[in-house]
Structure formats: structure tokens, C-alpha cells
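Colleague: Fold the following for me, if possible:
(chains A and B)
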Amino acid sequence: KAGVTQTPRYLIKTRGQQVTLSCSPISGHRSVSWYQQTPGQGLQFLFEYFSETQRNKGNFPGRFSGRQFSNSRSEMNVSTLELGDSALYLCASTTGQNTGELFFGEGSRLTVL
Amino acid sequence: AQTVTQSQPEMSVQEAETVTLSCTYDTSESDYYLFWYKQPPSRQMILVIRQEAYKQQNATENRFSVNFQKAAKSFSLKISDSQLGDAAMYFCAYRTTLGETSGSRLTFGEGTQLTVNP
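Modeller: Numbering: from 1, shown residues only, chains lettered A, B, ... in the order given. Have a look, this model is predicted:
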């Protein structure tokens, strides 16, 4: 059974640009959540999608957005990139029920210059 | 809101020895899940062990066990017979169980970097 797949693994952008990251969950998983990991702030929850609907949202500005498709794949977008957006972005999937553990992808490392 | 605190930024242990990582949390909920995740240099988060708050029995997974003290809101991880492959960042995490719509949000601690010395 394939794990959670995130693409791209590494990318470099400049300030003001936008970026789209992709996450393919484990087959059968309907929930996808996103986390930002930085040395200063640690792991912070961005948002969660379940059956194409945003179910939870963390405390991030509107520049951070996401969506989920009918096949459960999810994308997150960051517009007008700032230096502080440099981070490892982790995606996790689960069945969607509250008893399920979260399975994480390897992350997308974003560097903003 | 729930908070999770890991007071040990770094820990080290000799190979084959035992080490305990600390975690405390704050919540007003009576039912929830607690997890320990491991993040090796490859950066992929791997679940080490989970504990359901309504279960009094401490969870164990091979060399990994927890000491769950619900009243004290403490959730420590014990690694026995430490191996070089155990070296990683370890995160304690909290997840609510309140209803289907509460979602899969995890609240993480700051992490503890574990070094295993040969």
C-alpha cells in the first residue's frame, strides 16, 4: 500500500511569487491535513480537508489556502511569498474518523529567497 | 485550547541503555488521544506509540512504552535497549476525540532531539 506522497520535495522561490504543493493520501483515506514546520515555530497546523471540504483551519493568514479533489488528493497554495514562509510543509492523511492515526508524507521543503 | 510541552530540547543515551522523554499537556477535555512521533533526518514523521485517554493501561510497542498519568497530564516515552536507529527528533502530540467534525488536528510539542551514542 503506497504511503502519503508529496510533491515537489524541494523548491526554491523568490519573495512575491506563489507556490502550489501537492499531497496524495493513502488509498481510502478521506482526510488530508497540512502542517508547517520551522525551527522557530515548530509544527503548526494549517488546515484539514475531508471529502473536499475544509473541516479545520489553523491560525495562518489568507495567503495560505488549500483544496481537496474528489480523489482525496489535496493541494495547498501560498501566495505572495515571504521569507518567513520558508519551511518544511508536511501533509498527513487519515481515514477521517477520530480513531485513525495520521500518516505523514516526507514533506515539501520550500525556500524563499 | 490545548497545549503540549516538551521540556527537554535534547537528550542523549548510550546504546543499549534506557532513556525517558518527558511530555506534559494541558486540556479541559476528558477524552483524547496522545501520540509520540519520531522524525529522523529523512524528515518523515513516523508514529511510535499512541495512548487513548480513557484507557488506564499504559501503551507499549516493543521497546517503546509510555507512562501516562492522566491526573498529572503527563505522557512520557520510555525507550529501552536504545539503538542507533532510534536517534531522531521525537514529538509528543495531542488529538481531541470530540465528534466526527472535530477533525484530525494534532497539537505538537516542541520536540526532543535524541542522540544515541555507540
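Colleague: And A:R9, how far from chain B?
Modeller: 9 Å (Cβ to the nearest Cβ, to the nearest Å). Heads up, the C-betas are built off the backbone N, CA and C, glycines and all.
Colleague: wait, that residue sits on A:G107?
Modeller: Yes. Between A:R9 and A:G107 there is a contact at 7.5 Å, judged by Cβ atoms under 8 Å.
Colleague: Which one's more surrounded, these two?
Modeller: A:G107 (24 against 12; other Cβ atoms under 10 Å in any protein chain shown).
Colleague: List the residues that contact that one.
Modeller: By Cβ atoms under 8 Å, 6 or more residues apart in numbering or on different chains, A:G107 lies in contact with A:6, A:9, A:37, A:88-91, B:43-44.
Colleague: And for A:S70?
Modeller: A:S70 touches A:E52, counting by Cβ under 8 Å, 6+ apart.
Colleague: if I look at it, how far off is A:T14?
Modeller: 33 Å (Cβ to Cβ, to the nearest Å).
Colleague: Over to B:S28?
Modeller: B:S28 is 44 Å from A:T14, by Cβ to Cβ.
Colleague: Could you spell out the sheet neighbours of the helix or strand of chain B with the lowest mean pLDDT, each with its direction?
Modeller: Comparing helices and strands within chain B by mean pLDDT, DSSP states H and E singles out strand B:60-61 as the least confident, with a mean of 90. Sheet pairing of strand B:60-61 (DSSP bridges) gives strand B:64-69 (antiparallel).
Colleague: close to chain A, is whatever helix or strand comes next after the partner strand?
Modeller: Per DSSP states H and E, the first helix or strand lying C-terminal to strand B:64-69 is strand B:74-79. No. Using Cβ under 8 Å from any Cβ of the partner chain, strand B:74-79 stays clear of chain A, coming no nearer than 15.7 Å.
Colleague: now strand B:74-79 against strand B:64-69, angle please.
Modeller: Put simply, strand B:74-79 runs at 160 degrees to strand B:64-69, going by axes from the mean of the first three to the mean of the last three Cα atoms, to 10 degrees.
Colleague: what are the C-alpha coordinates of strand B:74-79, in CSV please?
Modeller: Extracted in CSV, the C-alpha atoms of strand B:74-79 (Å, rounded to 0.1, in the frame of the first residue of the first chain):
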residue,chain,number,x,y,z
SER,B,74,1.9,13.8,31.8
PHE,B,75,2.8,11.4,29.0
SER,B,76,6.4,10.3,29.0
LEU,B,77,8.1,7.9,26.5
LYS,B,78,10.5,5.2,27.6
ILE,B,79,12.8,3.7,25.1
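Colleague: Report the central residue of chain A.
Modeller: A:W34 (3.3 Å; Cα atoms, centre = their mean).
Colleague: in the helix or strand where that residue lies, what's buried?
Modeller: A:W34 belongs to strand A:31-38 when assigned by DSSP H and E. Across strand A:31-38, burial judged by 16 or more other Cβ atoms under 10 Å in any protein chain shown covers A:31-37.
Colleague: roughly how far is the helix or strand where B:C92 lies from the heart of the chain?
Modeller: Using DSSP H and E, B:C92 sits in strand B:88-96. Distance of strand B:88-96 from the chain centroid (Cα atoms, centre = their mean, to the nearest Å) equals 5 Å.
Colleague: what pairs with that strand, and is each one parallel or antiparallel?
Modeller: Strand pairing for strand B:88-96, determined by DSSP bridges: strand B:32-39 (antiparallel), strand B:106-108 (antiparallel), strand B:112-117 (antiparallel).
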